[in-house]
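*Asks:* what follows is a predicted structure for the sequence shown.
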Amino acid sequence: KNIILFDESSVRNFSLFKMFHDEKEIARLREDIKFFCRCENEGIRTLLGDFQDSQKIYDMEMLSIPELRIRKTLKIHPLHTYYVSKPEISVKDWDLHLLIIGFGKLGQQMLLQTMNQGVVSSTNNILVDVVDFDIEKKSSIFANAFSERYVQIKDDRITILPEQADGKFQIRFHQMDIRYKQFYNLLKTCGDNDGIYTYAAICVEDEEVGIHCLTEIQRYLRESVTMEEHNNIKIAIRMEMDKYMKEYLNSNDKTFSNVIAFEENKDVITLEELFHDKLDEEAKEYNRIYNHIQIQKADDKKQTNKDKNANAVSAQKVENETGNLKTASVQNPASKDTIAEAKKLWRELELFKRDSNRALAEHSMIKEVVWNKILEENQGGNLEAWFGQAGSILKANGTTWIYEDEDAFVEQQSDKNAYPIVSEMSRLEHRRWCYFMASRGWSSTSENDVDEKKNICLCTWDDLVEVNKETCKYDLMWLLKKCNEN
């Protein structure tokens, strides 16, 4: 049922995958066969995605070892760890100041994952300092993934401005030999000017250079923060090194209690995780729910497709006569039929849209933490009161949520005073989606154009309400899914 193409060469894996298509009469594979294709070259990844989307003879997922290593590490030690033991700090002030040392494939994946998992509110600042001895060349290549129509790109930084998406996101590139004293001076200068680093990732391949960076960061932290804060500032490091050095770092609780190791290759790729990926299962369910959200109007029977790509999924909003009510329909996820349907919809989905749903599913863990924190800050909240049978925002009717007036509904969803929790969770999700789309080269526009990667919804929440309010409900996906589960 499964074929794994795992050569280190992305070109070789692409060629093998294409060979199975070209020689399908000879190969005679099962119709439900699934390929897992390792691909860590962005150019080949694009070609492979285009080829798969155009053929769809066999199901296929792409694998990236650096991406899997970062995902597994951040699942255990999330970027907001520093703030978990600081109940006095509001979640809106959980600013992230991340240090990445080494900008190879692992460092670049750390940065891309930060654009998704670093978003913990609609306004928290995200600042990333990237240090590498050859940063000029590496950052220039990395910047090709972004559109200058949406992202501000300069030689030493990349910025998503607050007028493009809520909050502020900035990457600063620093070129230097991190073995020199200027590296410690950089830590002090950036820490003094922009706040302490709340997370660090040492992604260099050279073991001795990595250990040198570790000791310098630890020295900077000892001089800058209390011991309690020091222990909560995680430092992730590559530990593909001598086993005795690794054992020493892992066992020295006093000096290196805040040090964690990126998951090794042998720990992130197992057959069990490949064939029964829980993240993919949740992503499939989000995609299925999205495809079942329908808008129905009494005065219009035409089918429309106002796709925001909220999960980068094309979903038709079927319009039928329902009196004077508009309904958003979401089927219950519990039955075997819905699981089978989720798999079928996933099989037909383009690879980019799968990645988008995975990003949404991956952020669910972050939203759960944020949700609990916001409930605490607002002395509780009630999903039933908002989205139950007598809900004040949406009224539940079986597996359907109903609202009578779109303008009034969006006004309630956006109201920071009357519905602060619903408003913040909606704005948070919209910002996260904007950052994901930006990381894939999309830009804002006055008209949608998939081929040109232009989307009208790449804007702040307040602008979204003005230009495309009918898509605002999709930023309630997590809350509606949670309401369904409850």
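*Replies:* Structure received.

*Asks:* would you point out the helix or strand in this structure whose mean pLDDT is lowest?
*Replies:* Least confident helix or strand of the chain, by mean pLDDT, DSSP states H and E, is strand 317-318 with a mean of 26.

*Asks:* nearest the middle, which residue of the chain would you pick?
*Replies:* residue 116 (3.2 Å; CA atoms, centre = their mean).

*Asks:* which residues does that one contact?
*Replies:* 359, 362-363, 432, 435-436, 439 (CB atoms under 8 Å, 6 or more residues apart in numbering). C-beta here means a position set from N, CA and C on the backbone, and glycine is covered the same way.

*Asks:* of these, which belong to helices?
*Replies:* 359, 362, 432, 435-436, 439 (DSSP state H).

*Asks:* out of these, who's nearest residue 251?
*Replies:* residue 362 (31.2 Å; CB to CB).

*Asks:* just the ones in helices among the contacts of residue 116 now: which is nearest residue 93?
*Replies:* Closest approach between the ones in helices among the contacts of residue 116 and residue 93, by CB to CB: residue 432, at 17.8 Å.

*Asks:* so who does the closest one touch?
*Replies:* Residue 432 makes contacts with 116, 119, 359-360, 363, as judged by CB under 8 Å, 6+ apart.

*Asks:* about what we covered before: tell me the spacing between the nearest residue to the residue nearest to the centre of the chain once chain neighbours are set aside and residue 19.
*Replies:* Leaving aside its sequence neighbours, residue 116 sits nearest to residue 359 (CB to CB, 6 or more residues apart in numbering; 5.0 Å). Using CB to CB, to the nearest Å, residue 359 is found at 31 Å from residue 19.

*Asks:* who has more neighbours out of the two?
*Replies:* residue 359 (25 against 12; other CB atoms under 10 Å).

*Asks:* and for residue 44, the neighbour number?
*Replies:* Using other CB under 10 Å, residue 44 is surrounded by 18 other residues.

*Asks:* which of the helices or strands spans it?
*Replies:* Secondary structure assignment for residue 44, by DSSP states H and E: helix 42-55.

*Asks:* who's in contact with the next helix or strand after that helix?
*Replies:* Beyond helix 42-55 on the C-terminal side, the first helix or strand identified by DSSP H and E is strand 59-63. Strand 59-63 has contacts (CB under 8 Å, 6+ apart) with 6, 17, 32-39, 45, 48-49, 52, 269, 274, 280, 347, 351, 354.

*Asks:* need the next SSE after strand 59-63, C-terminal direction.
*Replies:* helix 65-76.

*Asks:* mind giving me the packing neighbours of that next one?
*Replies:* Judged by 3 or more CB pairs under 8 Å, 6 or more residues apart in numbering; DSSP states H and E, helix 65-76 is in contact with helix 105-117, helix 265-268.

*Asks:* show me the contact partners of the last one.
*Replies:* Helix 265-268 is touched from outside by 65, 68-69, 72, with contacts defined as CB under 8 Å, 6+ apart.

*Asks:* could I get the pLDDT score of residue 68?
*Replies:* pLDDT for residue 68: 90.

*Asks:* and for it, the neighbour number?
*Replies:* By other CB under 10 Å, the residues close to residue 68 number 18.

*Asks:* who are the contact partners of it?
*Replies:* 263, 268-269.

*Asks:* 7 Å instead?
*Replies:* The contact partners of residue 68, taken as CB atoms under 7 Å, 6 or more residues apart in numbering, are 268-269.

*Asks:* ok, it to residue 151 distance?
*Replies:* Going from residue 68 to residue 151 by CB to CB gives 26 Å.

*Asks:* hmm, back to that, pretty sure the residue nearest to residue 116 is touching residue 436, no?
*Replies:* Yes. Look at residue 359 against residue 436 with CB atoms under 7 Å: they come within range, at 4.9 Å.

*Asks:* SS state for residue 386?
*Replies:* helix (DSSP: H, G, I helix; E, B strand; the rest coil).

*Asks:* how much space between it and residue 248?
*Replies:* For residue 386, the distance to residue 248 (CB to CB) stands at 52 Å.

*Asks:* same thing with residue 24?
*Replies:* 53 Å.

*Asks:* how about residue 192?
*Replies:* 32 Å.

*Asks:* same deal with residue 132?
*Replies:* To residue 248, residue 132 is 27 Å away according to CB to CB.

*Asks:* okay, the two: which has more neighbours?
*Replies:* Legend: neighbour count by other CB under 10 Å for residue 132 and residue 248, higher for residue 132 (23 against 12).

*Asks:* now the more buried one. Nearest residue, chain neighbours left out?
*Replies:* residue 103 (4.1 Å).

*Asks:* picking up where we left off before, could you give the mean pLDDT of the helix holding residue 44?
*Replies:* Rounded mean pLDDT across helix 42-55 is 90.

*Asks:* and that helix, which residues are buried?
*Replies:* Residues of helix 42-55 classed as buried: 42, 44-45, 47-49, 51-52 (neighbour count, 16 or more other CB atoms under 10 Å).

*Asks:* which helices and strands sit right next to it?
*Replies:* With contacts taken as 3 or more CB pairs under 7 Å, 6 or more residues apart in numbering; DSSP states H and E, helix 42-55 sits against helix 10-22, strand 59-63, helix 351-362.

*Asks:* switch to 6 Å and redo it
*Replies:* Other helices and strands packing on helix 42-55, by 3 or more CB pairs under 6 Å, 6 or more residues apart in numbering; DSSP states H and E, are helix 10-22.

*Asks:* what about the helix it packs on, distance to the chain center?
*Replies:* 29 Å (CA atoms, centre = their mean, to the nearest Å).

*Asks:* return the member of the buried residues of helix 42-55 nearest to residue 58.
*Replies:* Nearest to residue 58 among those is residue 52, at 8.5 Å by CB to CB.

*Asks:* out of everything not next to it in sequence, what's closest to the closest one?
*Replies:* Spatial nearest neighbour of residue 52, chain neighbours left out: residue 60 (5.1 Å); criterion: CB to CB, 6+ apart.

*Asks:* who does that neighbour bridge with?
*Replies:* With DSSP bridges as the criterion, residue 60 is bridged to residue 35.

*Asks:* just give me the neighbour total for it.
*Replies:* Applying other CB under 10 Å, I find that residue 60 has 22 neighbouring residues.
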